[in-house]
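> What follows is a protein structure lacking sequence information:
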């Protein structure tokens, strides 16, 4: 996802002179192409994220389209007040791009885990929250974000994730979920970097004779309410899957939507991380296994609930 | 850097500026009394800097408040909103009568400057440590777009407690933002205590200088000196400029001066009359 972001950003920078890149001293060599072409529009803001976000807001308030980028906790939690006050209160069109969603950087420990950011950011007025499912969705999300006249948060995984889409998404729309595989029994609503696991879960379910629809629910705010209405009316089980805390994330957003509507539904399951720091060492795959977030574990739980 | 050095403005008319500062103080005192609002002393301490900026230095047009080429003035110490609102109204950004709605239900003049609501307010402030990063972003936007405007940020001394101020100070120096000017309203108090007894700011000029700024100490009530220093931005040093303005909290009213109770107190009707006498206002 990271490389797709840097590549698409370079293209956008070529197309639009308002595009400015701000980095919090990460992405060594990642932005070389952008820097080569647009040296006056690239700023390494150093390890000073609060200032970076304020600078981005000041730029956006003066006609530019800045992208502020660093590792998830530092571009969100570290400067949450700047995001709220400088960016969102001013309705400044800053695109905040976070790398290392959820447990992407599991091995680096809880300081680098990001399982609360959706919760924080979606509660701020004016903020759009997008969690792309693969590299093509990253490109679509970034392109769509830059056309907005408002703040957007894009939560990426890291690098090397499986690509799900067959090619570029030409009709990526903020707030419009993408059906990846159609099904008839259960509906799996995936957000962000869990998409490959969810597809694996659907395949496991298929082996057991359960037809699963897979949806990349890339925008957590605003929710695709039409898709939710369809999902909860058509399927005997709907599940949300995210690499984020069960408190305040995508599943919470859908729960809130359910509470506020009179939608009748059968079963609703939420997959996410628990209300606990994951303190053990281990890479993302290990962490997912421990927390029950692998494709086969998701499938097993759904089978159990359906039985 | 493609921001042109602005031609030096005319010599400030110090007597006129002093008279204007007194009027501004009077308006602030009236507003505080009517609204029974806090932060009066903080507003009075920066009144001379506000006067120098708005009545001599800034390249602004109140009839065209979003002119891309205008100078930007950010009241980073947003709790002194009364000073900013009174200034903007007196400059003609909105009707002077609207000051009567300060802190009243449904009005545009809340206790801190709002975002995207009131003409002339460049940034919503109130949470400290935000004005300078925003100003740096504005200055860079100007540089990228080839617009030669200047950015002024007025900070409180207590605000210098915030880490984001120093992040921005390092950033501005690294980016050689010579069209950025910080004025620190160094009145030696913060909300509840002496500033240097809370977090040690001194030597404040040396700190800003050490962060790569062209830093100067200045009498923050010498409106002529303030005007001359601020009109001379960029000053050719290749560095952003910090003016450490030594001020007195509650300046202009003897019974408020350097008395930190006036951080939160609002004046009675009698105290307004007394203040006006001292300010030479009728």
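Nice, I can see it. Here the structure is a predicted model, which means the values were calculated and not measured.
> secondary structure element for the closest residue to chain B within the stretch 101-250 of chain A?
Nearest to chain B in the stretch 101-250 of chain A, going by Cβ to the nearest Cβ, is residue A:126, at a distance of 10.2 Å. Heads up, the C-betas are built off the backbone N, CA and C, glycines and all. Assigned by DSSP states H and E, residue A:126 falls within no helix or strand.
> and the residue nearest to it when sequence neighbours are not counted, how many neighbours?
Nearest non-adjacent residue to residue A:126, counting by Cβ to Cβ, 6 or more residues apart in numbering or on different chains: residue A:88, 4.5 Å away. Each residue near residue A:88 was counted by other Cβ atoms under 10 Å in any protein chain shown, and the total is 21.
> residues contacting residue A:88?
Residue A:88 makes contact with A:124, A:125, A:126, A:127, A:151, according to Cβ atoms under 8 Å, 6 or more residues apart in numbering or on different chains.
> Check residue B:51 too.
The neighbourhood of residue B:51, defined by Cβ under 8 Å, 6+ apart, consists of B:17, B:20, B:21, B:24, B:87, B:223.
> Residue A:280 too?
By Cβ under 8 Å, 6+ apart, the contact set of residue A:280 is A:286, A:287, A:290.
> check contacts around the second one.
Residue A:287 is in contact with A:103, A:106, A:278, A:280, A:293, counting by Cβ under 8 Å, 6+ apart.
> Can you tell me the element it falls in?
helix A:284-291.
> Show me how far that helix is from its chain's centre.
19 Å (Cα atoms, centre = their mean, to the nearest Å).
> Report the buried residues of it.
Within helix A:284-291, the residues that qualify as buried by neighbour count (16 or more other Cβ atoms under 10 Å in any protein chain shown) are A:284, A:287, A:288, A:291.
> any idea which of these is closest to residue A:156?
residue A:284 (13.6 Å; Cβ to Cβ).
> can you pull the buried residues of stretch B:190-200?
Residues of stretch B:190-200 classed as buried: B:190, B:195 (neighbour count, 16+ other Cβ under 10 Å).
> Can you tell me what sits against it?
So stretch B:190-200 is in contact with B:156-158, B:160-161, B:186-189, B:201-202, B:260, B:263, going by Cβ under 8 Å, 6+ apart.
> element containing the closest residue to residue B:269 other than its chain neighbours?
Spatially, and ignoring its direct neighbours in sequence, residue B:269 is nearest to residue B:33 (6.8 Å; Cβ to Cβ, 6+ apart). Per DSSP H and E: residue B:33 is located in helix B:14-35.
> one step back: ok, the residue nearest to residue B:269 touching residue B:273?
No: Residue B:33 lies out of contact with residue B:273 (Cβ atoms under 8 Å); the separation is 10.1 Å.
> between the two, who's got more neighbours?
Higher neighbour count among residue B:33 and residue B:273: residue B:33, with 17 against 10, using other Cβ under 10 Å.
> list the contacts for that one?
So residue B:33 contacts B:266, B:267, B:268, B:269, B:271, B:272 (Cβ under 8 Å, 6+ apart).
> Take the residues you listed and write them to TSV, including neighbour count.
Below are these laid out as TSV (neighbours: other Cβ atoms under 10 Å in any protein chain shown):
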residue	neighbour count
B:266	18
B:267	20
B:268	11
B:269	9
B:271	17
B:272	18
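> can you redo those as JSON lines with distance to residue A:75 and secondary structure?
Shown next, in JSON lines, are the contacts of residue B:33 (distance: Cβ to Cβ, whole Å; DSSP: H, G, I helix; E, B strand; the rest coil):
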{"residue": "B:266", "distance to residue A:75": "41", "secondary structure": "coil"}
{"residue": "B:267", "distance to residue A:75": "45", "secondary structure": "coil"}
{"residue": "B:268", "distance to residue A:75": "49", "secondary structure": "coil"}
{"residue": "B:269", "distance to residue A:75": "51", "secondary structure": "helix"}
{"residue": "B:271", "distance to residue A:75": "49", "secondary structure": "helix"}
{"residue": "B:272", "distance to residue A:75": "48", "secondary structure": "helix"}
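> Let me know the closest of those to chain A.
Using Cβ to the nearest Cβ, the contacts of residue B:33 come closest to chain A at residue B:266, 26.1 Å.
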